[in-house]
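Undergrad: Pasting the sequence and the predicted model now:
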Amino acid sequence: MEAYLAELNDAQRAPVLQKDGAMIVIAGAGSGKTRVLTYRIAYLMNQGVDPFNILALTFTNKAAREMKHRISQIVGSSEAKNLWMGTFHSIFAKMLRFEADKLGYPSNFTIYDTQDSQSVIRAIIKDMQLDKDVYKYKQVYSRISSYKNSLITVKAYFQNPELKEADAMAKKPRMGEIYKAYVDRCFKAGAMDFDDLLLKTNELLNRFPDVLHKYQNRFRYILVDEYQDTNHSQYLIVKALSDKFQNICVVGDDAQSIYAFRGANINNILNFQKDYDNVQMYRLEQNYRSTKNIVNAANSVIDKNQTKLEKVVWTANDDGPKIVVNRLLTDGEEGRFVASSIFETKMQNQLNNDDFAILYRTNAQSRAMEDALRKKDIPYRIYGGLSFYQRKEIKDVLSYLRLLINPKDEEALKRVINYPTRGIGQTTMDRLGIAANQYGKSMFEVIENLDHLDLKINKSTRTKLDNFVNMIKHFTILSENADAYTVADTVAKKTGLLQELKKDGTPEGIARIENIEELLNGVKDFVEGQKELADASGSLSEFLEDVALATDMDKDTSDDNKVALMTIHLAKGLEFPYVYIVGMEEDLFPSAMSMNTRSELEEERRLFYVALTRAEKQAYLTYTQSRYRWGKLVDAEPSRFIEEIDDQFKDYMIPQDDYKYKPLIDTDIFGDDVDKSKLRQTKPKNGTPPPSHKPTEQQLRKLRKMKPASSEPAKATNNIQLEAGNEVEHMRFGKGKVLKIDGVGQDKKAEIDFENGGIKKLLLRFAKLKVLS
Ligand SMILES: Nc1ncnc2c1ncn2[C@@H]1O[C@H](COP(=O)(O)OP(=O)(O)OP(=O)(O)O)[C@@H](O)[C@H]1O
Ligand SMILES: [Mg+2]
């Protein structure tokens, strides 16, 4: 047996060794599904399967890179290079480039990102003179996106009166027209949006049998990770491509299906056995990632879902510490707690920053975490915020690059035609836009042909437009012979972009110049990397495609030793030794918007399962007592998911019998006291609207100062030697006697009999006790 096969257990090895046929691996988190896919590819190659015949679809490009890296170690990198591995979007964008002409697109079609798409929609809503409060562009965008992912084309839309009715019911009777206008504009601009990459692939495979056969023959072996989160459009692509040979291996976990809100269909995994002949079903049960406490805690939670496949997940790993639950006063305190805890854990165990992750339900929660980490000088990185490529100055450069590759690209044109300023105003642009519509041409073509058109544009503006077009054409010619770096560098210098920022001279301007430099370095790296590949040359088109589909997640960060901050959705498939799940509050997690139906609540619970199972060694859950929501400070209740973790697997840092008890004067772990009755006034009472103003920092500070007079601030006890029999004093529970000390290190607890509070168990590392004797 090859050595690498010994790195699998028997259950994992079985699907790896089954070379042909349809198979599904259903298994809980951390049981090695991704490992099975990786090793299966290596094994296929060892069995003589040509890497050109293997297609692997992953959830992120980063995951694909990591798999490729491991496969290279097993089979050698020259072979692994030829594998087609990546996200659905990146793989099928590549395929569409080859076949674009069949669908009437240029092969250099632009990929519109969400910003571009939304900007097109905004323009349409404006042109149609619709009420923008009714037709909110983001909502319209996601509606169009869901049509596309359900394969409802414009034609299909108008053939189905029910859809029109549904939109009319939602007070958007003109959705269909917007949809049509949007599709037309994108097509005219030679642009596909993200959803088109799947929709058009389906169209291609349906309408052109020869193309379908070509790719069926090419991709003899297909593998899909995270199959539970495929949407209908993706499902159909996989089904079509694998139909001939039926060598398909999908892995997934129904308990981790968390993208239903974006059209993912859990039935794809449940129905897999009906879709193919002789499906082999494999189950993996041993979790290698996490401690017993984490695995069991996660099991006890997911058990509460009714819709699920029964699965066993166990681990031979250590018990590990229990899940720590902590309550904080505000998100600011929550941030400080997390930052201090990371700092302490790191120091005590000699860990790196990238051993830690902070996960949250909504992006807005990152700010408090960032503030606290910054104050403690802990380097961090936020994933999934505005990606580097969406920053203004970067998008400006990229828009020039997009335009020179595809002059029809209207979003790019609008962005740069008058930046840096060239005296081409909005009126001119409006006239060009109308003419473009009238002649069914792109704006660029209209500008090119100005001399032959009767437009009300004066001579000096015509000269300016002429100069602009000539500059772009000059770049286009350059790009035909030069690599991406040379072109990008020339564009940054010759368009006046850099000068403009230099002139600006502000720190922001300088930061922007640095970002452009970083972009250019990135292009250079890309070119070097591409030159090693068999089927790539480092051209600008290749670079732009890479960028269009890069998410923030995909940036190579192997040398990046930082705490990771991201939403739980993004954390899928990843693992970290220490995980903090923050904002464990009702209405936040589970989200208020997801509590209307049982199935929505179950999806939130699966999300929590995903979050918990990212942790290898320890998980922390935090919640606050009051949080700003929609500009108001409101009372927060602990998330039901905390309660749902079986008691034996969790520990409350604040004694449990105190859990729901809300005293007037409350002590948080930092010893700051706040008169909670003041904070609670903000909760609506008897229909009276709460005061909508936010207490100022000053007011909060004042509230915090109202401590009971205490002689000396108590210190956290983790460094104090404490043993049974000691007399101690606690700020809230008063004097007490230590009965027993349990646990070691991080987990050390004292059982104390307090005069005022009875017997409590406190984690010494956080409890602030004064030792009296
Ligand atoms: N047989 C094994 N021996 C040792 N380690 C293993 C084994 N199988 C998996 N692992 C390790 O366990 C961890 C989890 O594996 P993997 O990421 O493949 O699980 P998964 O089922 O894909 O998880 P998720 O459901 O979160 O995507 C990884 O660090 C992996 O390297
Ligand atoms: Mg995985």
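TA: Cool, the structure landed. Ligands and ions are numbered 1, 2, ... in the order given.

Undergrad: Tell me how far the helix or strand where Arg431 lies lies from the chain's centre.
TA: With secondary structure defined by DSSP states H and E, Arg431 is part of helix 426-439. How far helix 426-439 lies from its chain's middle: 38 Å, per Cα atoms, centre = their mean, to the nearest Å.

Undergrad: Mind listing residues that contact it?
TA: With contact meaning Cβ atoms under 8 Å, 6 or more residues apart in numbering, helix 426-439 is reached by 188, 414, 417-418, 441-443, 445-447, 453, 455-457, 461, 465. Where you see a C-beta, it was placed from the backbone N, CA and C, and this is true even at glycine.

Undergrad: at 6 Å what do you get?
TA: Under the contact criterion Cβ atoms under 6 Å, 6 or more residues apart in numbering, helix 426-439 has outside partners 443, 446, 455, 457, 461.

Undergrad: Packing partners of the helix or strand following it?
TA: Next in sequence after helix 426-439, counting helices and strands by DSSP H and E, comes helix 443-448. Packing contacts for helix 443-448, counted by 3 or more Cβ pairs under 6 Å, 6 or more residues apart in numbering; DSSP states H and E, involve helix 410-416, helix 426-439, helix 459-481.

Undergrad: re the thing from before, what comes up buried for the helix holding Arg431?
TA: Of the residues in helix 426-439, those buried by neighbour count under the rule 16 or more other Cβ atoms under 10 Å are 428, 432-433, 435-436.

Undergrad: relative orientation of that helix and helix 459-481 in degrees?
TA: 70 degrees (axes from the mean of the first three to the mean of the last three Cα atoms, to 10 degrees).

Undergrad: and Ile124, what are its phi and psi?
TA: Dihedral angles of Ile124 (phi, psi; degrees, to the nearest 10) stand at phi -60, psi -40.

Undergrad: The residue lying closest to it once chain neighbours are set aside: neighbour count?
TA: If you skip the residues right next to it in sequence, Ile124 has Ala181 as its closest partner in space, 4.7 Å away by Cβ to Cβ, 6 or more residues apart in numbering. Other residues near Ala181 come to 19 when the count uses other Cβ atoms under 10 Å.

Undergrad: wait, Ala181 sits on Ile125?
TA: No - in terms of Cβ atoms under 6 Å, Ala181 does not count as a neighbour of Ile125; the distance is 9.5 Å.

Undergrad: tell me the centre residue of the protein?
TA: In the chain, the residue lying closest to the centroid (Cα atoms, centre = their mean) is Leu570, at 3.3 Å.

Undergrad: chain center to the helix or strand where that one lies: distance?
TA: Leu570 is part of helix 568-571 when elements are defined by DSSP H and E. Average the C-alpha atoms of helix 568-571, do the same for its chain, and the two points are 5 Å apart (Cα atoms, centre = their mean).

Undergrad: Sheet partners, orientation included, of the next helix or strand along the chain from that helix?
TA: Next helix or strand after helix 568-571 toward the C-terminus (DSSP H and E): strand 576-581. The sheet places strand 576-581 alongside strand 356-360 (parallel), strand 615-624 (parallel), with pairing taken from DSSP bridges.

Undergrad: which other residues reach the first one?
TA: Think strand 356-360. Contacts of strand 356-360 from elsewhere in the structure, counted by Cβ under 6 Å, 6+ apart, are 342, 369, 563-565, 568, 571, 576, 578-583, 611.

Undergrad: And those, which is closest to Leu8?
TA: Ranked by distance to Leu8 (Cβ to Cβ), the contacts of strand 356-360 are led by Phe576 at 23.2 Å.

Undergrad: which residue packs closest to the closest one, ignoring adjacent ones?
TA: Leaving aside its chain neighbours, Phe576 sits nearest to Ala357 (4.0 Å; criterion: Cβ to Cβ, 6+ apart).

Undergrad: Same question for Ala316.
TA: With Cβ to Cβ, 6+ apart, the residue lying closest to Ala316 is Gln286, at 6.8 Å.

Undergrad: Okay, Arg70 and ligand 1: tell me how far apart.
TA: Relative to ligand 1, Arg70 is positioned 9 Å away (Cβ to the nearest ligand atom, to the nearest Å).

Undergrad: quick one: which helix or strand includes that residue?
TA: Under the criterion of DSSP H and E, Arg70 resides in helix 61-75.

Undergrad: and that helix, what does it pack onto?
TA: If you count contacts as 3+ Cβ pairs under 6 Å, 6+ apart, helix 61-75 packs onto helix 33-46, helix 77-80, strand 84-86.

Undergrad: Before I go, just wanted to say thanks for your time.
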